[in-house]
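# Model the following, please.
(2 chains)
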Amino acid sequence: MLRRRGSIAFFLSLSLFIVVLFYVIPLVLTVYVSFTPMKNWNVPRYIGEFISIKNYQRLIHLLKFDPDTRNVVITTIVFVLFTLTINVLGGLALALATYFIDEKLSATYQVLWLLPRMTPVAVYSLLWYYFFHPTTLGILNSILMALHIIKSPIDLGMDPALMPWGAWSVIVFVNGLVGVSYGMIILYSAFKSIPRELIIASRVDGATTWHIIRKILIPLSKWHITFVTVWQLLSLLTSYAHTFLLVEWRIVDSSWGQPWALYVFNTAFVGAKDQGLAAAAAVILSIIGILLGVLTLKVLGYERMMTEPKGDI
Amino acid sequence: MSRGWGIVIALVMVLSALAGCVGGGGGGAIEIPKLTGDFTTDVINLGKFFASQGVDTIKYTVWGAGDPNSIMRVYGIIEAANRINKIFEENNINVKITVDKHWEDSFSTLYSDFLSAVPQGTNGDFFVNSYVYIANLAEEGYILDITEYANKYSSLLNDFYTPLLDAAKYKGKYYGIPQDTEARPLYIRKDVAEDMGWDLTGLAEKVKNGEFTWYDVYKKAKEAVENGYANWGVIHRKGSAHPDLIQFIFAFGGKLYDEGTGKLVVDKEALYKWFTVEYTMAQNGLIPKDMMSWDWGQQIHPTVVGEKDNPANTLFYIGGTWQWAEWQTKAYYKDPKTGESRPLTPQEVNEKMYYTLFPAGEPGKQPVTLSQPFMWMIASNAGKDNPKYDELKDAYHELAFLMIVAASDSEINAIHSVISGHVPVRKAATALLNDPNWIQKLTNLQLDLSSDVLNAIKDIIQKTADPINIKFLANVSYMLDYTHFAPSHPYYPRLADILKDAIDKVLRGSMTPEDAVNYVVQKVEADPDLKDNTEIVGEIPKSWHFP
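Numbers count the residues shown, from 1 in each chain, chains lettered A, B, ... in the order given. Take a look at the predicted model:
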């Protein structure tokens, strides 16, 4: 018994060490920095200076009076909701599509959808840069012009007449495509783990594909869908890399294309380099992330998933 | 006290004494030679000192930024090291300085990199960048206060133009030595004007007298575009309102800084007029609506020097003197005969470009230009990569200062001016530009430069050392009498960022000029720190019209 406990403690301590080193300490440091006037990377000068909640007050002041900071909040809500929908429903649709087709074809299809994830962020963003480029160089403009839908090139992510939906559609589309493969892989694996007998039996009983999806595949993959939803939600709250490049390359309007995570990055490392304010914004983002994560798990019944099954196995 | 404790205390005392002997070079503090103000003496004194400390190699890194022709900003430091090494060698001092260089096209990117690198100790020891960053860098303690050293070299400083020396100061202390400066002319394409039948003779004088204003620029730009002489009426910089576009504020009689209160100024009337000019031009297709997103190398310069529809051309360009030289070394011009892109020759640049001051915004106001002197700055941790840094820090700083003294040599400054289209910062350098013998030496590459530096810049010299360019520099020097400087204030970069966003929105038409002024005010007031450091003055004029 003691030996077993020792092994458990050993394995737990390793993971605990990693969690503390890479998650807890950075979080504590971020909280700490949010109470300092840290800026311009001047750690030695500001690290010991405590300014209470001034950074949080500044942030609230900015949210009240700065139109661009207000736009950040609205953009974050729209970005997360729409991209999450694409990620989860798109992932589900792709998993279903690949589940029902020939295995070899399915593998090729999945690899194609994984390409955005395998491609370096800069390269992938560059592809979208040329796709949305506001001149005839842009693939989207070339297609729309060839189809006579538009007469002259449009600047979808920047044209004031198309704001804010133009900018939002670009960032949602790009990030949606990146995230959709994740849901596809998880849900495809979930479908594959469902005993084939169930599917065959339902077919014998005359079930249509739609019935199989609705009555077997989705109900039996409920926890996987829950996991994908929560995971993607938290990822989207903190993701900024692709969006950063699109804003930087002036494909997306900086005011309407900046979710909260990108705002944190820009405040800390671009422009004012106000790391204290950025830390305060990051702390708020973390709190929102934790609350949303817990709330989503509650709503989707995570507790029931983790409850030990009744009866003997 | 036990016997054991007595032995321990005795041992500690003996070891402490020994440590004192080893670390303190015989028990006394290290005496670092003080600068005397005589360059050669100071170099020799420091060289001997380093040799006595067992330091035989001293490594520095220089970080510089700018257009491709301005590489003397880093090679000046390399040349300085070579000259000091030569003095060491002549005096049998076994010490050698080596210099690594790092170059960035964008001076604002280099500034960002520098900010993040200093706390990690990965920054350059020399930082050659705009004076506008001095305030913030000095506040953070990232650059060295060189007042004490500079005072020893007052005879050298007296040769610099006074306004430039003032720009090197923050709160009365020197944080740099001027490296170069420039003017920002309004370029006018002579060939387009000729096609329009517009005689440019005497225009520079009219601009100087305030008789040709932005109202006239608008009229001519409209005429050129509407009649098909040019693709665009006006082209200007991308990405930032600072420094080129803030000339509008001064041209409309506004200001950005209040000397009395030491605060930044948001002048609503001047901002409104600036925004209105750009808004009107962009809405009428005279300035590209996405001007702030254009690419320098792919779009802006090829249009500024280009032919109509090949790829495009413009009548006016809000540019800088350095670009006169840049057009001669970078392949921006798409030659209609060959279809290939190539640099222009000095003659071609001269045939294409007329230049004037930045015109007054409206009748009754003054023409302006804006200078952004670059400075040789020394990082506060300069010499950090060398042996015994903590003990010898002051000596490394002194040597770094001597290097910027050497880099400020009048010949280095004059060479930089010719090859990069910048205006000399020293009277002695101006004198060289007026000396035909020296020009001849420059053209023949008979320069007192070390071979590695000469090799690095000889291609640029061969393309740019032309009497036309020398004459250009002489012709634009009067503009410095009309020059303005952006504020040397730690919060100015934040305000400049807001102005950038505002003008982008104005050009794109997502905000009217009035909305944009209110946006700037709102942004300033939403940032408590910026608000405390900024005065908002004036009102949006009700009965003012443009054009």
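# only C-alpha atoms for contact and neighbour calcs from this point on.
Fine.
# For chain A, what lies in contact range of chain B?
A:40-45, A:58, A:61-62, A:64-67, A:159-161, A:249-250, A:270-272 (CA under 8 Å from any CA of the partner chain).
# Show me how to select, in PyMOL, the buried members of the residues you listed.
A single PyMOL command selects the buried members of the residues of chain A next to chain B (16 or more other CA atoms under 10 Å in any protein chain shown):
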select buried, chain A and resi 40+41+42+43+58+61+62+65+66+159+160+250+272
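# Quick check, central residue of the chain?
No chain was given, so I picked chain A. Residue closest to the average C-alpha location in chain A (CA atoms, centre = their mean): residue A:236, at 2.2 Å.
# wait, chain B
In chain B, the centroid-proximal residue (CA atoms, centre = their mean) is residue B:374; its distance is 3.4 Å.
# Mind pulling up the pLDDT for that residue?
The score at residue B:374 is 96. That number is its pLDDT.
# so it bridges to which residues?
Residue B:374 forms beta bridges with residue B:130, residue B:180, as assigned by DSSP bridges.
# I'd like the distance from it to residue A:274, if you could.
Between residue B:374 and residue A:274 the distance is 25 Å, computed by CA to CA, to the nearest Å.
# now swap in residue A:220 and tell me
Relative to residue A:274, and taking CA to CA, residue A:220 is found at 48 Å.
# Could you do residue B:99 as well?
From residue B:99 over to residue A:274 (counting by CA to CA), the distance is 32 Å.
# try residue B:514
Note on residue B:514: its distance to residue A:274, by CA to CA, is 29 Å.
# between those two, which one's more packed in?
Using other CA atoms under 10 Å in any protein chain shown, the more surrounded residue of residue B:514 and residue A:274 is residue A:274, with 21 against 18.
# just checking, residue A:156 touches residue A:166?
Yes - with contacts counted by CA atoms under 8 Å, residue A:156 reaches residue A:166, the gap being 4.9 Å.
# what about these two, which has more around it?
Ranked by neighbour count (other CA under 10 Å), residue A:156 and residue A:166 place residue A:156 first, with 25 against 20.
# From chain B, how far out is that one?
13 Å (CA to the nearest CA, to the nearest Å).
# if I pick that residue, what's in contact with it?
Counting by CA atoms under 8 Å, 6 or more residues apart in numbering or on different chains, residue A:156 touches A:132, A:134, A:162, A:166-167, A:170, A:252.
# quick one: which two of those residues are the most distant?
Farthest-apart pair in the contacts of residue A:156 is A:132 and A:162; separation 13.7 Å (CA to CA).
# ok, those two, which is more surrounded?
residue A:132 (25 against 15).
# What separation is there between the residue nearest to that one when sequence neighbours are not counted and chain B?
Computed as CA to CA, 6 or more residues apart in numbering or on different chains, the closest residue to residue A:132 that is not its neighbour in sequence is residue A:138, at 5.4 Å. From residue A:138 across to chain B, the span is 15 Å (CA to the nearest CA).
# contacting residues for residue A:138?
Shown in contact with residue A:138 (CA under 8 Å, 6+ apart): A:129-132.
# With residue B:181 instead?
With CA under 8 Å, 6+ apart, residue B:181 has these contacts: B:371-374, B:422-425.
# which ones among the residues you listed are found in strands?
Under the assignment DSSP state E, those contribute residue B:374 to strands.
# Counting by contacts, list what the helix or strand harbouring residue A:13 packs against.
Secondary structure assignment for residue A:13, by DSSP states H and E: helix A:2-19. Helix A:2-19 is packed against no helix or strand, with contacts defined by 3 or more CA pairs under 8 Å, 6 or more residues apart in numbering or on different chains; DSSP states H and E.
# Average pLDDT for it, rounded please.
Averaging pLDDT along helix A:2-19 gives 83.
# What is the subsequent helix or strand relative to that helix?
helix A:25-33.
# where do the helices sit along the stretch 101-250 of chain A?
Ranges of helices in the stretch 101-250 of chain A, per DSSP state H, counting those that start in this stretch, are A:103-118, A:121-132, A:139-146, A:165-193, A:196-204, A:209-211, A:218-220, A:222-238, A:241-248.
# Pick out the shakiest of those, pLDDT-wise.
The bottom spot among the helices of the stretch 101-250 of chain A, by mean pLDDT, belongs to helix A:103-118, with a mean of 80.
# what helix or strand does the nearest residue to residue B:520 once chain neighbours are set aside sit in?
Closest residue to residue B:520 apart from its sequence neighbours, by CA to CA, 6+ apart: residue B:498 at 6.3 Å. Element membership for residue B:498 (DSSP H and E) is helix B:492-508.
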